[in-house]
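S.K.: Quick one, what's the 3D model for this:
(2 chains)
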Amino acid sequence: MDKPDDLVADFLGDTPLSRNALLAATMLAATAAPAPAPALAQSSPIQKPAAQKIDGLINWVYDYEQGRRLAKQTGRPMFVVFRCER
Amino acid sequence: MNGINLDLFQFEFDLTWMSFFMDAKNRIYTRYGGRDDSSPESHLNRDSLLATMKTTLRLHKLADVLKRPLEPTGDSRRTPEQIPTMPRMLAKRKNKCIHCHDVKVARLKHLRNQNKLKRDMVFTYPTPANLGIAVDAKDQSLVRSVQPNTPAARGGIQVGDRIVKAENHRVLTLGDFSRVLETIPATGQVQLQLQLQRKQQVVEVRLELANGWRQSRDPSWRESLHMVGPNCGLWGRKLNTNERRGLKLRADNLALKVTFIWGSHTRRAGIKVGDVIVNLDGQTRNMNIKQLHAHPTLNRNWGDTIPIVLRRNGRNMTVKMTFPKGPPN
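M.R.: You can find the predicted model right below:
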């Protein structure tokens, strides 16, 4: 059975497909930092817990808007993940 | 889910893992994730994820995103915190973390407060299994089997067919298919249009879906299920083989040992920790605790009374449990 690292290595590895089009890996965890909240949310703010970061070969981005900026700069698509972390 | 734009990220909130492949303009190429009733990881695997990544790279070069209006824009930003019932749900929670299922529970609570909650609202994001189709876990647009006497069988879908489009929307994954199915009404005689690739041919089929088509056989995994009906107010575990043998209970019979009681209606019924439930409201099939709760939640109403057969001190005894008149506030 493949280890998770093998998948990451394949995903990021030196294949003809991925060499020139490496995906911008963007992770939105359940605790991801939100974009500026609308007025209603601001009027009754709920304290947000910090994201639990993941070790591994991928440098996950925990803020969606930051991921978008990165995708725009690099011209790459995003892989946006929601996971239950607690 | 704190602060997440629900106008953009719409998915099955009972899941514990879901992903989207998108561009920088909030547009979606494909969804990857979803499950059937059997396992949370039934359709999560290395091969299908890698194939989806490769397809996404190809689609990205062509800017071939999923088409609106099915796909959300994210322009009408709304967050979980704005659901009227959410602040109260989080008030007692130490870390204030909004889980995916909290979004669905808060919405259902809000509907309940407005007297608009219906039981079948818990069956969100149906899967191809609801049509009688099992898609391949690794190649998720490929039909691996078709159940007889189902909409898919009646519609002529065959093993080996590849689902290309549903309601004219591209289907690459279970998540894509489920997204389209979510838009199909729960009741009434409704139709679903599918475009299939069958060997070298493109085939169009139309499936007839009857009332209740969204319900699945075992929805006990859904965290939001408790919102739509009463439960038994207890925790328990299945007896193991030796324990069953000692009590002369068959392997396929319900045998659930009560380990914790939280419901006052449960105590009033006379149920005690250590009792073994062998029959609940006429149900004797082997169930785990979530499946046990799902039976009254989906089939009985608040205030109903059901019989429960317990094995206590080697003897069967029948008690009657009356559910509370309404859900807790």
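S.K.: Could you use CA atoms for every contact and neighbour count after this?
M.R.: Will do.
S.K.: where exactly do the helices run in the stretch 1-150 of chain B?
M.R.: B:46-62, B:86-91, B:100-113 (DSSP state H, counting those that start in this stretch).
S.K.: other SSEs contacting the first one?
M.R.: Translated: helix B:46-62. Counting contacts by 3 or more C-alpha pairs under 8 Å, 6 or more residues apart in numbering or on different chains; DSSP states H and E, helix B:46-62 packs against helix A:4-12, strand B:28-33.
S.K.: Show me which residues of it are buried.
M.R.: Buried residues in helix B:46-62, defined by neighbour count with 16 or more other C-alpha atoms under 10 Å in any protein chain shown: B:46, B:48-50, B:52-54, B:56-57, B:59-60.
S.K.: Now the phi/psi pair for residue B:118, please.
M.R.: With angles defined as degrees, to the nearest 10, residue B:118 sits at phi -120, psi 150.
S.K.: ok, the buried residues of helix B:46-62 vs residue B:16, which is closest?
M.R.: residue B:49 (16.5 Å; C-alpha to C-alpha).
S.K.: if I pick that closest one, what's in contact with it?
M.R.: residue B:32 (C-alpha atoms under 8 Å, 6 or more residues apart in numbering or on different chains).
S.K.: cool, and residue B:264?
M.R.: Per C-alpha under 8 Å, 6+ apart, neighbours of residue B:264: residue B:233.
S.K.: okay, it: pLDDT?
M.R.: Residue B:264 carries a pLDDT score of 96 in this model.
S.K.: ok, so what distance separates it from chain A?
M.R.: From residue B:264 across to chain A, the span is 29 Å (C-alpha to the nearest C-alpha, to the nearest Å).
S.K.: got it, and residue B:146?
M.R.: 29 Å.
S.K.: Contact residues of chain B facing chain A?
M.R.: B:1-4, B:16-25, B:46, B:50, B:53-54, B:56-57, B:60, B:77-79, B:81-82, B:87, B:95-100 (C-alpha under 8 Å from any C-alpha of the partner chain).
S.K.: sorry, back to before: pLDDT for the buried residues of helix B:46-62 - can I get that in JSON lines?
M.R.: What follows is those, written out as JSON lines (pLDDT from 0 to 100):
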{"residue": "B:46", "pLDDT": "95"}
{"residue": "B:48", "pLDDT": "96"}
{"residue": "B:49", "pLDDT": "96"}
{"residue": "B:50", "pLDDT": "95"}
{"residue": "B:52", "pLDDT": "96"}
{"residue": "B:53", "pLDDT": "96"}
{"residue": "B:54", "pLDDT": "95"}
{"residue": "B:56", "pLDDT": "96"}
{"residue": "B:57", "pLDDT": "95"}
{"residue": "B:59", "pLDDT": "96"}
{"residue": "B:60", "pLDDT": "96"}
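S.K.: returning to what we had before: out of the helices of the stretch 1-150 of chain B, which comes closest to residue B:176?
M.R.: helix B:46-62 (11.3 Å).
S.K.: so how far is the closest one off the chain centroid?
M.R.: 26 Å (C-alpha atoms, centre = their mean, to the nearest Å).
S.K.: ok, back up a step: between the helices and strands packed on helix B:46-62, which has the poorest mean confidence score?
M.R.: Minimum mean pLDDT among the helices and strands packed on helix B:46-62: helix A:4-12, a mean of 35.
S.K.: tell me which residues in the longest helix anywhere in chain A are buried?
M.R.: Taking DSSP state H as the criterion, chain A has its longest helix at helix A:64-74. For helix A:64-74, the neighbour count (16+ other C-alpha under 10 Å) marks A:64-65, A:67-68, A:70-72 as buried.
S.K.: again, but for stretch B:286-305
M.R.: Applying a neighbour-count criterion of 16+ other C-alpha under 10 Å, one finds B:286-290, B:292-298, B:300-302 buried in stretch B:286-305.
S.K.: go on, stretch B:124-144?
M.R.: So, applying 16+ other C-alpha under 10 Å, buried residues of stretch B:124-144: B:124-144.
S.K.: Are we agreed that residue B:203 is in a helix?
M.R.: No. According to DSSP: H, G, I helix; E, B strand; the rest coil, residue B:203 belongs to no helix; its state is strand.
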